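Undergrad: Let's see this in three dimensions:
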Amino acid sequence: MRPHAFLFLGDYYGTLASTRCLGERGVPILLADERRLVRATGSRYIEKRLLCPPVSDADAFIRWLLRQREAYPGAVLFPASDELVFLFAKHQDELKQGFRLFMPSMDSTFRILNKHRLYEACVAADISFPKTWFPSGEEGLRRILGEIDVEVILKPKSQSQLRSGTKAAEAPRGEDLVHAFNRFVKDNPYGPELVAHDAEVVWPMLQEYHRHAAFQIYSLAGFADAGGRPPIVRASRKVLQRPRKLGVGLCFEGTTVNPDLVRKIGVLCKNLDYAGIFEIEFIEHGGENLLIDFNPRPYGQMAFEVAREAPLPWLHYVAAIGDEAEYARAYDRALAWSPRGDHAFTHRLILGAVDGAQRVTALTGGPAKEDWRGWMRRHGPNLADAVRRPKDPGPVVTDGLVHLLEFVRHPRSWLRSLAR
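TA: This next block holds a predicted model:
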């Protein structure tokens, strides 16, 4: 029997994609979550569901996880969020005494999770990024106010242990920026483990705001090899996100891989001593691709890469258990893949809600409706879905229930997220 795959945060679409990719290959799946009803619980591939403490209670969660080593020896851990990446890296010496991990050292991990250190690594790899300032507190911000001559947004330096989950916030100029900076710090606290590791992480960064970026995000996702082989890469363009300005991707289209960027990503991963699953986002501005994010873990639209014959969770699994022959076979197959047709990815349920909301607003004098139904028809059999899979229909039900509960609890914000 194969070792278990130990998955977490069952509401994450990356966790559902991992469940299916591994389950279809005969890997027994353990799913741990603090809640009973999460999207992935509907999958037929889940062997056992475990209730665990919230990840936000890091001490209790890690103590609980360490107690599972005896029941599930040799299980492969899959971090589903930046917070889990940080916690697994911090406690990897203990976790390796019973579990299998495939991740770099704590130093390498934090160089990815902390945008300040990531951008320093990008300079060495000749990768461009938006104009960014990293003030250390209010005094540091006041010293650079005169340098900020563009529209900026406030962004957390790291998403790991960020209690609010905020991605970004628009910021005013001048003295009002100081007030917005201090408010952002107050409204977006970090967990004590991360602050103990790096006290400077609490100060947000200021980044030039490219308003067009919501419609020009280019993603390179795949798997970096520890042995120095070229990374497996699939390219996509985010064509719709929810909410529109600063939201989560809803529609993606496959596109051409930029070989120069792939080469630079290979250099970046080598310099960071990183191997494994990645998703790296760029905005396109002035003929350049500017790096805005690096996810060293499963991510929301990972099912799109799996549908394009890049079984990233499987590669993580076989690398962790040391199955070199299967790893080489799977890696070679993924490298040899070439697109056949116009590949795309979406969440049909939510896209249908967006389409319906646009129909209503168009009838009441709002903006003209976009043709998202036509977009789905055009991509036809090459359209991958975040939830729908004929061989595993259960998550369609659990996902629908989760969205229904979200709507009942927060109807206004849920409806606002559909607006243009």
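
Undergrad: what's near enough to touch the residue nearest the centre of the chain?
TA: Taking Cα atoms, centre = their mean as the criterion, residue 299 is the residue nearest the geometric centre of the chain, at 3.5 Å. Going by Cβ atoms under 8 Å, 6 or more residues apart in numbering, residue 299 touches 14, 221, 277, 279. Where you see a C-beta, it was placed from the backbone N, CA and C, and this is true even at glycine.

Undergrad: Show me what the second one is bridged to.
TA: For residue 221, the beta-bridge partners under DSSP bridges are residue 234, residue 279.

Undergrad: per-residue pLDDT, the residue nearest to the centre of the chain?
TA: pLDDT for residue 299: 96.

Undergrad: so it sits in a strand?
TA: No - using DSSP: H, G, I helix; E, B strand; the rest coil, the secondary structure at residue 299 is coil, not a strand.

Undergrad: Would you mind measuring from it to residue 255?
TA: 17 Å (Cβ to Cβ, to the nearest Å).

Undergrad: And residue 74, by the same measure?
TA: According to Cβ to Cβ, residue 74 stands 39 Å off from residue 255.

Undergrad: More neighbours: which of those two?
TA: The neighbour comparison of residue 74 against residue 255 (other Cβ atoms under 10 Å) goes to residue 255, with 16 against 13.

Undergrad: hang on, isn't the more buried one packed against residue 235?
TA: Yes - the criterion here is Cβ atoms under 8 Å, and residue 255 meets it with residue 235 at 5.0 Å.

Undergrad: Now do the shared contacts for the two.
TA: The contact lists of residue 255 and residue 235 share residue 218, where a contact means Cβ under 8 Å, 6+ apart.

Undergrad: what's near enough to touch residue 110?
TA: Contacts of residue 110 by Cβ under 8 Å, 6+ apart are 86, 89, 117, 197-198.

Undergrad: ok, now residue 283?
TA: When contacts are counted by Cβ under 8 Å, 6+ apart, residue 283 is found next to 130, 210, 213, 216-218, 289-290, 292.

Undergrad: Ramachandran angles for residue 14?
TA: With angles defined as degrees, to the nearest 10, residue 14 sits at phi -70, psi -30.

Undergrad: whoops, residue 231 was the one
TA: Phi and psi for residue 231, reported as degrees, to the nearest 10, are phi -70, psi 150.

Undergrad: Low-confidence regions, this protein specifically.
TA: Applying pLDDT under 70 to the chain picks out residues 174-175, 213-215, 244-246, 362-369, 419-420.

Undergrad: Would you map out the domains in it?
TA: Here the domain parsing of the chain from automatic domain parsing is 5-109, 131-208.

Undergrad: closest one to residue 401 among these?
TA: Set against residue 401 and scored by Cβ to Cβ, the domains of the chain come closest in domain 5-109, at 6.5 Å.

Undergrad: could you measure the spatially closest residue to residue 102 that is not a sequence neighbour against residue 200, distance?
TA: Leaving aside its sequence neighbours, residue 102 sits nearest to residue 320 (Cβ to Cβ, 6 or more residues apart in numbering; 4.0 Å). Distance, residue 320 to residue 200, by Cβ to Cβ: 32 Å.

Undergrad: surely residue 414 meets residue 406?
TA: Yes - counting by Cβ under 8 Å, residue 414 touches residue 406, with 5.7 Å between them.

Undergrad: Please give the number of neighbouring residues around residue 285.
TA: With neighbours defined by other Cβ under 10 Å, the count for residue 285 comes to 15.

Undergrad: Contact partners for it?
TA: Residues near residue 285 by Cβ under 8 Å, 6+ apart: 130, 210, 212-213, 216.

Undergrad: again, 6 Å this time
TA: Counting by Cβ atoms under 6 Å, 6 or more residues apart in numbering, residue 285 touches residue 210.

Undergrad: Compute the distance between the residue lying closest to residue 14 once chain neighbours are set aside and residue 370, please.
TA: Residue nearest to residue 14 in three dimensions, not counting chain neighbours: residue 298, with 3.4 Å by Cβ to Cβ, 6+ apart. Distance of residue 298 to residue 370, given as Cβ to Cβ: 30 Å.

Undergrad: which of these two has more neighbours?
TA: A count of neighbours by other Cβ under 10 Å puts residue 298 above the other of residue 298 and residue 370, at 29 against 14.
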